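*Asks:* Model the structure of this input:
(one chain, ligands or ions: 1)
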Amino acid sequence: MDGCIFCKIVSGEIPSFKILETDKCIAILDINPANPGHTLIVSKEHFDNVYSIDDDVLSDMMLVAKKIARRLKERLGCKGVNIIMNNEKIAGQIIPHAHIHVIPRFDDDKVIITYTKKQMAKEQFAEIAKRLSEEEQEEHEESGEEAPKENIKEEWVFR
Ligand SMILES: [Zn+2]
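*Replies:* Residues are numbered from 1 along each chain as shown. Here you go, the predicted structure:
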């Protein structure tokens, strides 16, 4: 896509520190790393985010993220990794070209990835679970198949 910084990195127009490459994605060092070794998995084809990305491309990117995570542990000695995909501006996506962050974690690295836990009533959980567990109607209408019977768990575990 014109003007997209990641498309330019994929094409080589903008240089990058490339770690590995598949036919669907590249893994490069983030130029503004949270920690040394912070890697970005970037799709070769332009997709805006998780909503529109092809399944096989996203699958490939996740497998590359796994491989990078192992390398970070084995070769840089990190104690853990965060694997993050931000989607849309409100979620912190700065460049609108689908990418996954693999962030190595070290003792006292001052990296903060957190959220405040919200209180919700049991009824609210049940309502949200109901809405989210319903199958997409369009897909079944298109294929002419009958929607599968819902299998909603009645039991909820609260911590
Ligand atoms: Zn792009």
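*Asks:* Tell me where the protein has helices.
*Replies:* Here the chain has its helices, by DSSP state H, at 5-11, 55-76, 122-133, 137-143.
*Asks:* Out of those, which is closest to Ile90?
*Replies:* Ile90 lies closest, by C-beta to C-beta, to one member of the helices of the chain: helix 122-133, at 18.7 Å. Using the backbone N, CA and C atoms, a C-beta is placed for each residue, glycine as well.
*Asks:* Now do the closest one: distance to the chain's middle.
*Replies:* Here the centre of helix 122-133 is set off from its chain's centre by 24 Å, with C-alpha atoms, centre = their mean, to the nearest Å.
*Asks:* just to revisit the earlier point, please identify the deepest-packed of the helices of the chain.
*Replies:* With neighbours taken as mean count of other C-beta atoms under 10 Å, those reach their highest mean count in helix 5-11, at a mean of 18.
*Asks:* Mean pLDDT and distance to Thr116 for the helices of the chain - can I get that in JSON lines?
*Replies:* What follows is the helices of the chain, written out as JSON lines (pLDDT from 0 to 100; distance: least, C-beta to C-beta, whole Å):
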{"stretch": "helix 5-11", "mean pLDDT": "98", "distance to Thr116": "31"}
{"stretch": "helix 55-76", "mean pLDDT": "98", "distance to Thr116": "27"}
{"stretch": "helix 122-133", "mean pLDDT": "97", "distance to Thr116": "17"}
{"stretch": "helix 137-143", "mean pLDDT": "60", "distance to Thr116": "34"}
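*Asks:* Those helices into TSV, with extra columns for distance to the ion?
*Replies:* Listed next are these as TSV, based on distance: least, C-beta to the ion, whole Å:
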stretch	distance to the ion
helix 5-11	3
helix 55-76	13
helix 122-133	30
helix 137-143	27
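*Asks:* for these, which one sits closest to Cys25?
*Replies:* helix 55-76 (4.9 Å).
*Asks:* what pLDDT, on average, does the top strand by length along the chain get?
*Replies:* When the chain is parsed with DSSP state E, its longest strand is strand 99-105. For strand 99-105, mean pLDDT is 98.
*Asks:* Run the angle between that strand and helix 55-76 for me.
*Replies:* Orientation note: strand 99-105 sits at an angle of 20 degrees relative to helix 55-76 (axes from the mean of the first three to the mean of the last three C-alpha atoms, to 10 degrees).
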